[in-house]
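Q: turn this into a model:
(one chain, ligands or ions: 1)
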Amino acid sequence: MYKQIGILTGGGDAPGLNAVIRAVVRTAIGEYGMSVIGIEDSFEGILGETHTQKLTTRSVSGILPRGGTILGTRNRGSFAKFVDGVPVFPEMPISEALANLDILGIEALIVLGGEGTLAIAEQFHKRGFPVIGVPKTIDNDLAATELTFGFMTAIDIATEALDRLHTTAASHDRVMILEVMGRNTGWIALHAGLAGSADIILIPEIPYSLDSIVKKVEAREKSGSRFTNIVVAEGAIEVGKAETYSDAGSLRLGGIGEIIRRQIEERTGKESRCVVLGHLQRGGSPNALDRMLGTNFGACAVRALARGETGKMVAVQAGVVSTVPLSDACTAIKRVALDSQLVRTARDIGISFAAPRESQMGEDAM
Ligand code: F6P
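A: Predicted coordinates:
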């Protein structure tokens, strides 16, 4: 059994990080008598003059409902570099970090992160250092798990935004566009679009046609619904085109909502507005489901370490938390399947994905 383990949070923050930290600390100390060291600012905290804090049941008291991470996080750092879009892991920071872990007396790590952070964690495992990953991201795009914590809170926030846009859209007979996060996947847009009664959902997995969007707006107008609510994932693409970046240098996605707004206004003459929900989706308190999922993930991660597992990630599969190889989570992202039940349901209830063929269908099909 390990005497002392470390925990760190990497990548963009997500609601529920503190719930995981608290559960790890309570389980490790209470159930297994281990000590827990919190590593600050992701893996960067174990480089140079290390930044760590001893975590106790007292120090994690009251953090369950708190947003962000008490340990700090980084989504860019020294451990991974991208060469032609492929991550490479330079030897130097990893060997320095391993030496520092030894000095700090940390015998195993629990790493909370998305696929980038978990890919770094896997490098530690490959060098013989025990690691268990915990899947975090509001995007829900991690392969090998049905759910990541943070996602359900993000959906709640996006749904509330859609509800609010609904009433103002209806009052002014406008087209309202809500741009949500999700990187190159449409999980947030799809779920919030369904929960928030969007008329059109645009996701990267189904490239859209402007003609289809216009046709849907006009069909609604004709039928007496003089407003339209659109939710667009930041990574959505028009057929034959590439993603839109708010900052091409750092490949930060964003701006597609405003482009569509202008085009709709030009084509339909209807007043349109765009709201970019941005980091509101990541900030603030986790909802009840993310608190529960985070807590379960945290306890399961400690139990996995105590069983001697390493190179694994806790994951939801068939509704139950188990462990899967870390490599399964890092090799590919999980995208919305075109034949998935939710896509089918959305279509069945009249939501349009503005796929090109939809513009050739009759209004009934839209
Ligand atoms: O992966 C989470 C996420 O919020 C994405 O949805 C978004 O594209 C990205 O992070 C934004 O990251 P940053 O923290 O650099 O603004």
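
Q: list the contacts of the residue in the chain that the ligand sits nearest to.
A: In the chain, the residue that lies nearest the ligand is M181 (3.1 Å; CB to the nearest ligand atom). In short, each C-beta sits where N, CA and C put it, glycine included. Contacts here follow CB atoms under 8 Å, 6 or more residues apart in numbering; on that basis M181 touches I138, D139, A154, I188, A233, E234, L277, G278, Q281, R282.

Q: how about the secondary structure of the residue nearest to the first one when sequence neighbours are not counted?
A: This means I138. For I138, ignoring the flanking residues on the chain, the nearest one in space by CB to CB, 6 or more residues apart in numbering is A154 at 3.8 Å. Secondary structure assignment for A154 (DSSP: H, G, I helix; E, B strand; the rest coil): helix.

Q: give me the neighbour count for A154.
A: Using other CB atoms under 10 Å, A154 has 29 neighbouring residues.

Q: surely it meets P15?
A: Yes. Counting by CB atoms under 8 Å, A154 touches P15, with 7.4 Å between them.

Q: which of the contacts of M181 come close to the ligand?
A: Contacts with the ligand are made by I138, D139, E234, R282 out of those, judged by CB under 6 Å from any ligand atom.

Q: out of the contacts of M181, which are inside strands?
A: If you go by DSSP state E, those have A233 in strands.

Q: buried subset of the contacts of M181 as a PyMOL selection?
A: Only the buried entries of the contacts of M181 go into this PyMOL selection, using 16 or more other CB atoms under 10 Å:
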select buried, resi 138+139+154+188+233+234+277+281+282
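
Q: starting at the chain centroid, how far to the host helix or strand of A28?
A: Element membership for A28 (DSSP states H and E) is helix 17-32. From the chain centre to the centre of helix 17-32 is a distance of 22 Å (CA atoms, centre = their mean, to the nearest Å).

Q: picking up where we left off before, now for the ones next to the ligand among the contacts of M181: which two are most distant?
A: Greatest spacing in those, by CB to CB: E234 and R282 (12.8 Å).

Q: which pair in the contacts of M181 has the greatest spatial separation?
A: Between any two of the contacts of M181, the greatest separation by CB to CB is 15.2 Å, found for A233 and R282.

Q: give me the phi and psi for the residue lying farthest from the centre of the chain.
A: Computed with CA atoms, centre = their mean, the residue of the chain farthest from its C-alpha average is K222, at 37.7 Å. The phi/psi pair for K222 (degrees, to the nearest 10) reads phi -60, psi -40.

Q: which parts of the helix holding A28 are buried?
A: 17-29.

Q: circling back: what does the model give the residue farthest from the centre of the chain for pLDDT?
A: With respect to pLDDT, K222 scores 96.

Q: do L64 as well
A: Per-residue pLDDT puts L64 at 98.

Q: wait, what's in contact with it?
A: By CB under 8 Å, 6+ apart, the contact set of L64 is N18, A19, R22, R291, T295.

Q: mind redoing it with 10 Å?
A: L64 is in contact with G16, N18, A19, I21, R22, A23, S285, P286, R291, G294, T295, counting by CB atoms under 10 Å, 6 or more residues apart in numbering.

Q: adding pLDDT and distance to A346 as columns, could you present those in CSV?
A: Shown next, in CSV, are those (pLDDT from 0 to 100; distance: CB to CB, whole Å):
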residue, pLDDT, distance to A346
G16, 98, 26
N18, 98, 33
A19, 98, 30
I21, 98, 36
R22, 98, 36
A23, 98, 34
S285, 98, 28
P286, 98, 26
R291, 98, 28
G294, 98, 28
T295, 98, 31
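
Q: taking those together, which two end up most distant?
A: Using CB to CB, the two most remote members of these are A23 and S285, lying 16.3 Å apart.

Q: okay, and for the protein, where does confidence drop off?
A: 359-366 (pLDDT under 70).

Q: which bits of it sit near the ligand?
A: So far as CB under 6 Å from any ligand atom goes, the chain lies against the ligand at 12, 75, 114, 137-139, 181-183, 234, 252-253, 282.

Q: now flag whichever of those is closest to E309.
A: For the residues of the chain next to the ligand, the minimum distance to E309 (CB to CB) is 20.5 Å, reached by G114.

Q: residues touching that closest one, list them.
A: Contact analysis of G114 by CB under 10 Å, 6+ apart lists 10-12, 14, 75, 133, 135-139, 141-142, 148, 150, 183, 329-330, 333.

Q: try 8 Å this time
A: G114 neighbours (CB under 8 Å, 6+ apart): G10, G11, G12, P135, K136, T137, D139, D141, L142, T148.

Q: tell me the two of those that are most distant?
A: Within the contacts of G114, G10 and D141 form the most distant pair, 15.7 Å apart (CB to CB).

Q: for the two, indicate the residue with more neighbours.
A: A side-by-side neighbour count of G10 and D141, using other CB under 10 Å, places G10 first with 28 against 23.
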